[in-house]
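J.: Here's a sequence, model it:
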Amino acid sequence: MSRAAFITLKDYKPDFTNNPTSRLINPTKSEIGIISKHILDNINKEIIKVTKANLWRCTSNVIEWFQPIPNKSQHAFITFDVCDFYPSISKQLLTKAFDYASQFTHITPQDRHIITREKITVVSPEHAMGKEEHQQLV
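T.: As a prediction, the model looks like this:
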């Protein structure tokens, strides 16, 4: 099933005229992509629960966390902007991520396969894999 996707152009970025960049508003996902995202969300939730790590998905959550901190002037806070958020990842790094996450939650071979197969469908033409790398993922 095909879904429409929309982008916004980042015309405020330096050198926009020669190097236009964009932001994907509502990414299209295949059915396997939706399943893959659900599996990854569950893995991330479990890792966050076990490690007690902070992961904020919106500004209001950060503010809620930050407000009760005493003596703010004695602390540092780092912010960063993700310049290019594109799900391009090598098979080696994906395998390392699975191995790391497996310390905190069970990841089935089937889940690994689904996520790895989805990786094939999200690589853009400018991040296209060679035939050998594609075959390794299949």
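J.: Could you pick out the longest helix of this structure?
T.: The single longest helix within the chain, with elements called by DSSP state H, is helix 31-51.
J.: and Ile7, backbone torsions?
T.: Reported as degrees, to the nearest 10, the phi and psi values for Ile7 are phi -130, psi 160.
J.: Could you check the pLDDT of it?
T.: The model reports Ile7 with a pLDDT of 78.
J.: surely it meets Pro20?
T.: No - using C-beta atoms under 8 Å, Ile7 makes no contact with Pro20, being 10.3 Å away. Placement of C-beta: from N, CA and C, glycine included.
J.: if we can go back for a sec, what would the next helix or strand after the longest helix of the chain look like as PDB? C-alpha coordinates only.
T.: Sequence order places helix 59-66 as the next helix or strand after helix 31-51, per DSSP states H and E. Presented in PDB, the C-alpha positions along helix 59-66 are these (Å, rounded to 0.1, in the frame of the first residue of the first chain):
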ATOM      1  CA  THR A  59      10.200  19.900  24.600                       C
ATOM      2  CA  SER A  60       7.600  19.800  27.300                       C
ATOM      3  CA  ASN A  61       9.100  16.600  28.700                       C
ATOM      4  CA  VAL A  62      12.500  18.200  28.900                       C
ATOM      5  CA  ILE A  63      11.200  21.300  30.700                       C
ATOM      6  CA  GLU A  64       9.300  19.100  33.100                       C
ATOM      7  CA  TRP A  65      12.500  17.200  33.900                       C
ATOM      8  CA  PHE A  66      14.600  20.300  34.100                       C
END
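J.: helices or strands up against helix 59-66?
T.: Of the remaining helices and strands, none touches helix 59-66 by 3 or more C-beta pairs under 8 Å, 6 or more residues apart in numbering; DSSP states H and E.
J.: residues making contact with it?
T.: Helix 59-66 is contacted from outside by Asn54, Trp56, Lys72, Phe77, using C-beta atoms under 8 Å, 6 or more residues apart in numbering.
J.: which stretches of the protein have low pLDDT?
T.: Confidence mapping of the chain against pLDDT under 70 gives the ranges 1-5, 26-30, 81-88, 120-138.
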